[in-house]
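> Sequence plus predicted model, see below.
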Amino acid sequence: MASKAPLDLITESAENMNVGNSMVFSESNFSHMLRLEKRRAERSGKTFLLVLLDCSHLLNGNGNGRRGKFVTSRMERSLPSCFRESDITGWYKQDRVIGVILTEIASADKAFKDRIYAKTFDSLCRSLGPNDAKKIVTAFHVYPEDPKSCEPIGWYNANLHLDVVRQKTKSRIFLAIKRAIDIVGSSFALVILSPLLLVIALTIKLTSRGPVLFRQARLGLRGKKFIFLKFRSMYMDCDEQRHRDYVEKFIQQQQSAACRPGEEGAGAQVYKLLDDPRITPVGRFLRRMSLDELPQFINVLRGEMSLVGPRPPIPYECEFYGVWHRRRLLEAKPGITGLWQVEGRSSTTFDGMVRLDLRYITGWSLWLDIKILLKTPWAVLTCKGAY
């Protein structure tokens, strides 16, 4: 007997309820469909609208009672008929909030939302009555998100990333183990490497003016800002505009033959400026051997980073991200090392780096972290992809 595809299994799930030619998905299956629609939107570049209708105020705290079953069953029967056959209807929060994904829409302006609201309100009035229909709270969320309207950070709307929030809850035990490894590993490294850290600090202080540590705002998990620590490898008072311009060019044109390593000559693409005059002679050596990264063990100890994870971007880098690039910050805490560092480092393309980060996030396990940690010293010693 031939095996069925995952979508077939979802369609035939007993949790789902058929309504005419439409279907109302259960909470878990609707979350899965929302995740799939986000991936489809990322590939196609087309917008979709998530409509959430909250009926909690009608249930008097009891969604399983007679009143709750009446309200939810009426909503399940009336709402699908308001939308296209290609739209997806299901429980965003079971028996509390019903959601509808309007796929591949041309516009999500106020006029379009007003039409959707009027249509759903009219349907709810017929099935529940005007008084109850007025108590249902309707909210609209557009994907990709508008950077000016998202909380808590510039491009992250938690309502559109329900799968990320739930995954965080499901992985709590494994994340606790990962955090324990981070604390033990970073503490051990800081103690064992303390003589080397002292030598590097003295060398930086004696060879150039300025502080030993370089502090920079970076974005961590869910885009939360934190102060990223490195040994200073540049001269003081350097203008960051040159790097900003290069990053913009690299991210936006990295698939073009016109993109050149370090802005000079032809060859493999490099996610780092070459022959940067802002770097000190000592800093160049530290960067080549990745010794400038050692203070990040303090970031790990603070809980801002992990030993293994995606690299934390500078905030202005995210201004040039495509929609799918942003996923690398939603689902994993940034790390000192990761798949990118052991399999390519600066010699890979930007899209290649993001794909490696997403591959790590998708296939994450404690054993994968251990393998990456074991590979990191060899990548450092061989200066693989370092500049």
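In hand now; what should we look at? Please read these numbers as outputs of a predicted model, since none were measured by experiment.

> going forward, measure contacts and count neighbours with C-alpha atoms only.
OK.

> what's the longest helix along the chain in contact with?
Secondary structure of the chain per DSSP state H: the longest helix is helix 172-192. Identification of contacts with helix 172-192 by C-alpha atoms under 8 Å, 6 or more residues apart in numbering yields 297-298, 300-301, 303, 306-307, 366.

> what comes up buried for that helix?
178-179, 181-183, 185-186, 190 (16 or more other C-alpha atoms under 10 Å).

> What's the first helix or strand after it?
Counting by DSSP states H and E, the next helix or strand C-terminal to helix 172-192 is helix 194-207.

> Give me the buried positions along the helix or strand following that next one.
Next along the chain after helix 194-207, taking DSSP H and E as the criterion, comes strand 213-219. Within strand 213-219, the residues scored as buried using 16+ other C-alpha under 10 Å are 213-214, 218-219.

> do stretch 97-114 as well
Here stretch 97-114 shows 97-104, 108, 113 as buried, counting by 16+ other C-alpha under 10 Å.

> Kindly report the same for stretch 218-235.
218-223, 225-226, 228-234.

> What of stretch 312-328?
312-315, 317-318, 323-328.

> and what of stretch 36-52?
Neighbour-count burial for stretch 36-52 [16+ other C-alpha under 10 Å]: 37-38, 40-42, 45-52.

> ok, residues contacting that stretch?
92, 97-108, 137-144, 160, 323-324.

> if you average pLDDT over it, what comes out?
Regarding stretch 36-52, the rounded mean pLDDT is 88.

> so how far is that stretch off the chain centroid?
Centroid separation for stretch 36-52 versus its chain: 15 Å, with C-alpha atoms, centre = their mean, to the nearest Å.

> CA atoms of it as CSV?
The C-alpha trace of stretch 36-52 is given here as CSV (Å, rounded to 0.1, in the frame of the first residue of the first chain):
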residue,chain,number,x,y,z
LEU,A,36,4.3,26.3,5.1
GLU,A,37,2.6,29.4,3.8
LYS,A,38,5.5,31.5,5.2
ARG,A,39,8.0,29.4,3.4
ARG,A,40,6.0,29.7,0.1
ALA,A,41,5.8,33.5,0.5
GLU,A,42,9.5,33.7,1.1
ARG,A,43,10.2,31.9,-2.2
SER,A,44,7.5,33.6,-4.3
GLY,A,45,7.9,37.1,-2.8
LYS,A,46,4.1,37.3,-2.5
THR,A,47,2.2,38.7,0.5
PHE,A,48,-0.4,36.9,2.5
LEU,A,49,-2.8,38.2,5.2
LEU,A,50,-3.5,36.4,8.5
VAL,A,51,-6.9,37.3,9.9
LEU,A,52,-7.5,36.4,13.6
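
> mind giving me the domain split of the chain?
13-164, 171-381 (automatic domain parsing).

> Would you enumerate the residues in contact with residue 104?
Here residue 104 is in contact with 41, 46-48 (C-alpha under 8 Å, 6+ apart).

> Could you look up the SS state of it?
Of the three states, residue 104 takes strand under DSSP: H, G, I helix; E, B strand; the rest coil.

> ok, now residue 332?
Going by three-state DSSP: residue 332 is coil.

> Please name the residues that touch the spatially closest residue to it that is not a sequence neighbour.
Sequence neighbours aside, residue 221 is the residue nearest to residue 332 in space, at 6.0 Å (criterion: C-alpha to C-alpha, 6 or more residues apart in numbering). The neighbours of residue 221, taking C-alpha under 8 Å, 6+ apart as the test, are 329-334.
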